[in-house]
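# coordinates only, no sequence provided:
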């Protein structure tokens, strides 16, 4: 047993292992002040909630309070390890400013109320609008942080009960492109690869994916491979000097907005060198000739010039990718939040199709996501899609769903694609959406161009319901605030980025009058009197387990088949990957073994979209393109972003996250160790740009775009020239003077209202910005981590540490229990 | 031989489509989806116009390679007023009318490309045929975009 400061050492101690060997167990534990394992009354099974990795965790309970966490040694995802947010983030649950009672707006102010009053207001407004305008007035904007059962309830109520098409999750900001890219290439959502592919690969390529900070335990797995025998070669595509870039064999720090040019350059080289599995391409794909023609239009030199990377380096990256025998690729926000998001992510799938590297150990694509339950938002239809990857433009799929829900197919809106959140905001701006129920997310900080978002949410004619555990920046615009229960206070399941399903059991009671999101939604359905076609209640279940049983039936026979799972089966050695059914009772490690896809016209989730205009393909077009259900190779030409740097705004602005915070810090800022590691906003720039602009570490500057500005201290790093990076976590709830923001700190004051036309994911990775000096540092460096991509060039910045209160235990074991 | 007539007609209809797309972008500047995509699609038509002008010279035509690039002062004023009007419901109906118009104009351009391709094939003018084969798919995608946008917007615009 060793003690480690996991703020200073986010990935903990190395346990090296070689290719094909089991990843050793290391059990991480953190208990509140002075408590030891013997003091704990009981351990309650769960999984991690502040990222998408899905680490198995046990919650320690003493005197009916949560007092700590311990990694689950037998979990397939983490083998006992936990990340910094897992170790310390749970403390936010007991924060004294939790919402304890419903609030309603009276004479312009939110005042404490009770459930009957609050729910009556919500139900009354719903009924008024249904009578006046119909379901087109109603919208639901949810999260990537509820549980599966809650999303399924929301989808059923909104789609099957109310009949509105306006349902989306904040997963639109984090994982919409992952889902869309999988649909475009494989006809259906569903992660092809598995985390265990890390154990086998000889080449690992990370595209716009700072895994070290976004999925820190998965990165620990990579670090352990890198420390062991025959380590994999690593290719990193990222403009920032992330920990991934520093570990990479080849780092391509491309200019923001050039991902498609970069991918086309790599694909061109793969084709020129004939690093292609021609049998695989011939037997299992359509579209290769179009790709060859398209990437043939631009030479590697020209692609490298567009990306501003050395052509030789691009060729070297292609050589690693093209000659590796077991290739794993992962993709995240650097690709997903850029203007050609879907086209770029699809090209990564194309690499694997050209090389025939799918469905075998060490050969996988991981189109990642950011939030713990984002996968369930996608599966259950809470992102607007139909549940269990049904195709909204396939009448048989709609009829099948209607049968399960016992409603008329016409009651399920399927006349057009679901309304994505940016379009909902537009409808609210026009006044045709008049009711927005926001669950567990904070659009007043996380959506682009905040001045616009605030002006729309604050309209009197828009009725806003906010369901959350704290009074967020968004709650300030609410007509009704509903206090939710969170992780550890309710039971349910959720699924991580590699299809691993976990059960998370209730450990303690929620505070005050707070209720689980599932209870709130079922209560809403009951009060509305929603009925099925037989006159029975539409929502036929009343607790998480019965909701899960209903979901199992909805998913039966679909790609995300949960029918072989149960709460009991999910207890014990935890983590089972879907599909799990009678044929695959222990789950399924990898999809698409032997080139079998869910892409036949009658079964696919989507007929695909035009990669430039986003227009959906018609069924007849898809049938002509892909009659036999192969994988689809789709090509795209590079186009420049609409907003590019100018004399007035000379920098590329890119925004993102840091290891120690999650989203808008509602939880992580309430855990002292995490907040202290990254207490306030900063702006990163390169040493060259700092010298030319005559600014240095710690100087206070203003960053501006045509939309707005913010104030931050400068962090000078090894980043490529011409780029400013600002973390997006810093809203206003903890920086107020007399109820007003002390200074603008939110990165989304700056971002542009624009999205990828295919996945509808907003663009957070490019905008044009300028930087103006406000005052000198006076010896105070930026209060940014030194352990991460924000590592300073200056050697005299004090290192980020957590001190005694951040000491966690590590226990090692030779065998996986 | 009336190939010059067919090229001139297509040059005219592509210019009209381009202008229509730019007008739609201006009028719906507060609708970001429309604003950006309509301008991008206008650039496709502008590229077609340029190529038609180039090939037209071989048929004795003097066609403009472009018409008034970028936004004029009046266009900018219209964009500004469009943004200010962004809060009213009427733009949703106006959008339906405008996108419908884009679709009709693009359909005309599509037919003109077909006419030209037929004639070029008959006359064995391979470069002209190649141009048609390269550009016509863009026109079909412009039509599909307009069609998809109408499907997506009509329910909300007509029922709200």
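Thanks, I have it. No experiment lies behind these values; they were computed from the predicted model shown.

# from here on, just use CA atoms for contacts and neighbour counts.
Noted.

# so what's residue A:505 up against?
Shown in contact with residue A:505 (CA atoms under 8 Å, 6 or more residues apart in numbering or on different chains): A:44, A:45, A:46, A:488, A:489, A:490, A:491, A:492.

# got the confidence number for the last one?
Residue A:492 is assigned 98 on the pLDDT scale.

# residues in contact with it?
Contact analysis of residue A:492 by CA under 8 Å, 6+ apart lists A:147, A:148, A:149, A:503, A:504, A:505, A:544, A:545.

# narrow those residues to those in helices?
If you go by DSSP state H, the contacts of residue A:492 have A:148, A:149, A:544, A:545 in helices.

# for the second one, give its distance to residue A:381.
Here the distance between residue A:149 and residue A:381 works out to 11 Å (CA to CA, to the nearest Å).

# quick check: bridge partners of residue A:717?
Using DSSP bridges, the bridge partners assigned to residue A:717 are residue A:686.

# mind checking how far it is from chain B?
Here residue A:717 is placed at a distance of 34 Å from chain B (CA to the nearest CA, to the nearest Å).

# ok, that residue touching residue A:793?
Yes: in terms of CA atoms under 8 Å, residue A:717 counts as a neighbour of residue A:793; the distance is 5.0 Å.

# mutual contacts of those two, please.
A shared contact of residue A:717 and residue A:793, defined by CA under 8 Å, 6+ apart, is any residue touching both; here these are residue A:687.

# contacting residues around the most centrally placed residue in chain B?
Central residue of chain B (CA atoms, centre = their mean): residue B:17, 2.9 Å from the mean position. With CA under 8 Å, 6+ apart as the criterion, the residues that contact residue B:17 are B:42, B:45, B:102, B:105, B:106, B:109.

# which pLDDT value belongs to it?
Turning to residue B:17, the model gives it a pLDDT of 98.

# quick one: buried residues of the strand or helix carrying it?
Using DSSP states H and E, residue B:17 sits in helix B:3-27. The neighbour-count criterion (16 or more other CA atoms under 10 Å in any protein chain shown) identifies B:3-4, B:6-27 as the buried residues of helix B:3-27.

# show me the contacts of residue B:17 that map onto helices.
Counting by DSSP H, the part of these found in helices is B:42, B:45, B:102, B:105, B:106, B:109.

# ok, of these, which one's closest to chain A?
Closest approach between the ones in helices among the contacts of residue B:17 and chain A, by CA to the nearest CA: residue B:42, at 12.3 Å.

# so who does the closest residue to the closest one other than its chain neighbours touch?
Once its chain neighbours are removed from consideration, residue B:42 has its nearest residue in residue B:18; the separation is 4.6 Å (CA to CA, 6 or more residues apart in numbering or on different chains). Contacts were defined as CA under 8 Å, 6+ apart; by that measure residue B:18 touches B:41, B:42, B:43, B:45, B:46.

# so which of the contacts of residue A:505 belong to strands?
A:44, A:45, A:46, A:492 (DSSP state E).

# number of nearby residues for the third one?
Using other CA atoms under 10 Å in any protein chain shown, the number of residues around residue A:46 comes to 29.

# and it, how far from chain B?
Counting by CA to the nearest CA, the gap from residue A:46 to chain B is 41 Å.

# that residue and residue A:56 touch, don't they?
Yes: taking contacts as CA under 8 Å, residue A:46 lies within contact range of residue A:56: 6.2 Å.

# picking up where we left off before, the helix holding residue B:17: how far from the chain's middle?
A distance of 6 Å separates the centroid of the chain from that of helix B:3-27, by CA atoms, centre = their mean, to the nearest Å.

# the stretch 351-500 of chain A: strands as residue ranges?
Remark: strands of the stretch 351-500 of chain A, listed N- to C-terminal, are A:364-367, A:435-439, A:463-468, A:480-483, A:492-495, A:500-504; assignment by DSSP state E, counting those that start in this stretch.

# oops, could you answer that again for the stretch 1-150 of chain A instead?
A:2-5, A:25-31, A:42-47, A:56-62, A:65-71, A:103-106, A:109-112, A:138-142.

# now the second one: mean pLDDT?
When you say that, I think you mean strand A:25-31. The average pLDDT for strand A:25-31 rounds to 98.

# just the angle for that strand relative to strand A:65-71, thanks.
Strand A:25-31 and strand A:65-71 meet at an angle of 160 degrees, taking axes from the mean of the first three to the mean of the last three CA atoms, to 10 degrees as the criterion.
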